[in-house]
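**Student:** When you get a sec, could you give me coordinates for this:
(2 chains)
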Amino acid sequence: MSDKYALELVGIRRCYGSVVAVDDVSLAIERGEFVTLLGPSGSGKTSTLRLIGGFENLDSGSININGKRVDHLPAYSRDTTTIFQSGALFPHKTVAENVAYGLRMRGASKSETEKRIKEALQIVRLAGYEDRYPNQLSGGQKQRVALARSMAVRPAILLFDEPLSALDLSLRLQLRAEIKRLHQELGFSAIYVTHDQSEAMAMSSRVAVMKQGKIEQIDTPSNIYNLPANEFVYTFIGENCSIPLRVSGGQAFDLSGTTLNLSLSSSLPDGEWRICVRPSRLRLTCRDGAENRLVAKLQFVEFLGDVHRYHLKSGAVELFVDQPGEVRANPGDTIEVGWSNADMRAYR
Amino acid sequence: MNIAGPDAAATYEAARRRARLREKLAPWLLVSPALAITLFFFAVPIVYMARMSFNEKIDQRFYVPGFTFDHYSSLLTDSAFSNAIWTTAKLSFGVSIATTLIGYAFALLVWMKPRRWRFMFIALALCPMLISEISIIFGWWVFFPRNGLLSYVLTTMGLLSDKVGLLYTEYAAFVGLVYLILPFSFFILLSLFDGIDKKLLEASSDLGASPIVTFYEVLLPLTKGGIAASFAQSFIWAIGTYATPSALGPDTLWTIGYLIQEQMLSRHNWPKAAAFSMVLAAGVGVVMMMIRSVSAKRTPING
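**Tutor:** Modelled structure (predicted):
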């Protein structure tokens, strides 16, 4: 039990009936770290956050905040604050009263409270909104107030429960950058729960990818992206093309049994495989010697702004390639797709 | 095809004017069925009753058309009437407080419980509304007397050494009214709770407020309006219901409802009954306005 960590989870577990929502999760977050729990719905990320916040009780394991064990304490005695998805601002209180709430509960003096309200609202760029009621604010402003309310008490750790998922895209991007800026300026410790991988990548010091109540991998965003621990992490993070195939006697077939015109630099053992490559790392080659190649037929081309997305088919295998520049082929053409060994992963 | 031209422009303008008129009339058309029902079944009878209260009562006939203030002036001197006002007000006030308190606790419980319990609780609350007031009264007649269920249970459990008969007491009238009105309070309050984001409770707790502080800081302010609404409707019900208190209460429990019934059915004095009713309606109106003015400090959440 070191107090170098803002938060330490040791083998925490929580079941709902026969469903194991959080399965033996251990995690240590250093002061000033911004860790994201990323996973599909039902992966246990929100349950984990609720256990930390004290809204659910542990079945086993322990939770330490700043080196002190807290899992026996109710939510109102824990030094954490949550930014909820809905904001959960008190509708009958003004912005200033909302921000003051946590300070009042902690018995802060009047002058201190006023100072902190001003500070917190300045930080989230809502100075001058003190006397508004929540229903006079836009969705983005509400989340800023929620952020100010949670930060004003300066908790040991801030808990973000998908705070941006109810907002529209442009607002989401804007607030995402703002939270990142705040983290850089203020250096708070935080856990951020999201199912949006780009949010996780953009904001975090470290990302923990969760599946069925377990952490599959925890690492920096770039390592998660470039060195995924397993197929689940690989396919969950970023776009990818998966080529399912069967190798038999050094020859590759698709799953319906048609021979694939595929050449790999190092051949795979017999069996069923899935070869995964990011669409941005696939190249439409002109036989210029990529390490691995697949011959496929062009179905159609989508224009995506910076790139064209070429949808290809070879036997039962469908994949797409993102390529900048002019369209170089017509639907129905047979073309070759190439990729390097470093960009390829094979899972069985 | 060229449709421009002075004629076309005029037709266009006329069509647009018609559309604007339709837009203005639409809300009235939509509300008119409800408005018609309210006017026909509510406003017209009230006006008719007001007129009736000024008719004369001379002989055996129910009323004689005329115009007199006698019925109203007799109310001022009639001690039975002023006693009835006091009795009714006391009873209704107590009943309203009780139904609102119990209804609040029950609605809070249903709101907090997981959704799968909800249907059961709501079915339970609907039960009394499915049975007629008269049947419920018969039920109480079995429940309250000396040899009734309540007395039997209390004595066999050893809580009482002697049988107790509570039928024909003010207590029985009170319980009967509360039972009758409680479901309405419950549904009013439940609908209000359903409009509150449960995350607010978590947010409050998250920021360091204990459950009791959360109740006073968050839940109570957000349900103030519903408490007033529940109290108001309970009060109206309690004042207007006459069968339950007169069937369960003592003979001396003369509520206004009872007096009106007596004038109407036993003494065949329609104008006097109408005058009683007008005073009752006016009294309820005053109480409603008082409740409104207390709870009318509208914050932007409900305004």
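**Student:** now B:V47: how far from B:I122?
**Tutor:** To B:I122, B:V47 is 39 Å away according to C-beta to C-beta, to the nearest Å. For every residue, glycine as well, the C-beta is placed using N, CA and C.
**Student:** Which residue of those two possesses the greater neighbour count?
**Tutor:** Set B:V47 next to B:I122 and count neighbours by other C-beta atoms under 10 Å in any protein chain shown: B:I122 wins out with 14 against 10.
**Student:** element containing that one, please.
**Tutor:** Applying DSSP states H and E as the criterion places B:I122 in helix B:115-130.
**Student:** right, and the helix or strand after that helix?
**Tutor:** As assigned by DSSP H and E, the chain's next helix or strand after helix B:115-130 is helix B:133-143.
**Student:** Next, the angle from that next one to helix B:115-130.
**Tutor:** Here helix B:133-143 runs at an angle of 100 degrees relative to helix B:115-130 (axes from the mean of the first three to the mean of the last three C-alpha atoms, to 10 degrees).
**Student:** Near chain B, which residues of the stretch 151-300 of chain A? Just list them.
**Tutor:** Neighbours of chain B within the stretch 151-300 of chain A, by C-beta under 8 Å from any C-beta of the partner chain: A:V153.
**Student:** Now do the strands in the stretch 151-300 of chain A.
**Tutor:** Using DSSP state E, counting those that start in this stretch, the strands of the stretch 151-300 of chain A run over A:157-161, A:190-194, A:206-211, A:214-219, A:241-248, A:251-253, A:262-263, A:271-277, A:283-285, A:292-303.
**Student:** could you say what helices and strands the longest one packs with?
**Tutor:** Applying 3 or more C-beta pairs under 8 Å, 6 or more residues apart in numbering or on different chains; DSSP states H and E, one finds that strand A:292-303 contacts strand A:262-263, strand A:308-314, strand A:317-323, strand A:334-339.
**Student:** try 10 Å
**Tutor:** Applying 3 or more C-beta pairs under 10 Å, 6 or more residues apart in numbering or on different chains; DSSP states H and E, one finds that strand A:292-303 contacts strand A:241-248, strand A:262-263, strand A:271-277, strand A:283-285, strand A:308-314, strand A:317-323, strand A:334-339.
**Student:** Can you classify residue 82 as helix, strand or coil?
**Tutor:** I went with chain A, as the question did not name one. strand (DSSP: H, G, I helix; E, B strand; the rest coil).
**Student:** sorry, should have said chain B
**Tutor:** At B:S82 the chain is in helix, as set by three-state DSSP.
**Student:** show me the contacts for it.
**Tutor:** Neighbouring residues of B:S82 by C-beta atoms under 10 Å, 6 or more residues apart in numbering or on different chains: B:L75, B:L76.
**Student:** Now do it against B:F276, distance only.
**Tutor:** Separation of B:S82 from B:F276 (C-beta to C-beta): 12 Å.
**Student:** Next: B:D59.
**Tutor:** 20 Å.
**Student:** ok, those two, which is more surrounded?
**Tutor:** The neighbour comparison of B:D59 against B:F276 (other C-beta under 10 Å) goes to B:F276, with 26 against 6.
**Student:** Find the residues that touch each one of B:S82 and B:F276.
**Tutor:** Here B:S82 and B:F276 share the contacting residues B:L75, scored by C-beta under 10 Å, 6+ apart.
**Student:** Quick one: closest of the helices and strands packed on strand A:292-303 to B:L39.
**Tutor:** strand A:308-314 (65.5 Å; C-beta to C-beta).
**Student:** relative orientation of that closest one and strand A:317-323 in degrees?
**Tutor:** Going by the same axes, to 10 degrees, strand A:308-314 is angled at 160 degrees with respect to strand A:317-323.
**Student:** How about the helix ranked longest in chain A, which residues are buried there?
**Tutor:** In chain A, with assignment by DSSP state H, the single longest helix is helix A:169-186. Residues of helix A:169-186 classed as buried: A:L171, A:R172, A:L175, A:R176, A:E178, A:I179, A:L182, A:H183 (neighbour count, 16 or more other C-beta atoms under 10 Å in any protein chain shown).
**Student:** Could you list every helix and strand in contact with that helix?
**Tutor:** For helix A:169-186, the packing partners by 3+ C-beta pairs under 10 Å, 6+ apart come out as strand A:34-38, helix A:110-123, helix A:139-152, strand A:157-161, strand A:190-194, helix A:197-203.
**Student:** Which residues of the stretch 51-200 of chain B lie near chain A?
**Tutor:** Residues of the stretch 51-200 of chain B found near chain A (C-beta under 10 Å from any C-beta of the partner chain) are B:G195, B:I196, B:D197, B:K198, B:K199, B:L200.
**Student:** Among these, the buried ones, what's the ChimeraX command?
**Tutor:** Typed into ChimeraX, the next command selects the buried ones out of those (criterion: 16+ other C-beta under 10 Å):
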select /B:196,197,199,200
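**Student:** got TSV for the residues of the stretch 51-200 of chain B next to chain A, with distance to A:R328, pLDDT and secondary structure too?
**Tutor:** Below are those laid out as TSV (distance: C-beta to C-beta, whole Å; pLDDT from 0 to 100; DSSP: H, G, I helix; E, B strand; the rest coil):
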residue	distance to A:R328	pLDDT	secondary structure
B:G195	59	90	coil
B:I196	60	93	coil
B:D197	54	92	coil
B:K198	56	92	coil
B:K199	53	93	helix
B:L200	57	95	helix
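**Student:** which stretches of the stretch 201-348 of chain A have low pLDDT?
**Tutor:** Regions of the stretch 201-348 of chain A meeting the criterion pLDDT under 70 cover residues A:286-289.
**Student:** Give me the pLDDT value at residue 12.
**Tutor:** Went with chain A since none was named. Predicted confidence (pLDDT) for A:I12: 95.
**Student:** try again with chain B
**Tutor:** 88.
**Student:** Please, which helix or strand holds it?
**Tutor:** In this assignment (DSSP H and E), B:Y12 forms part of helix B:6-38.
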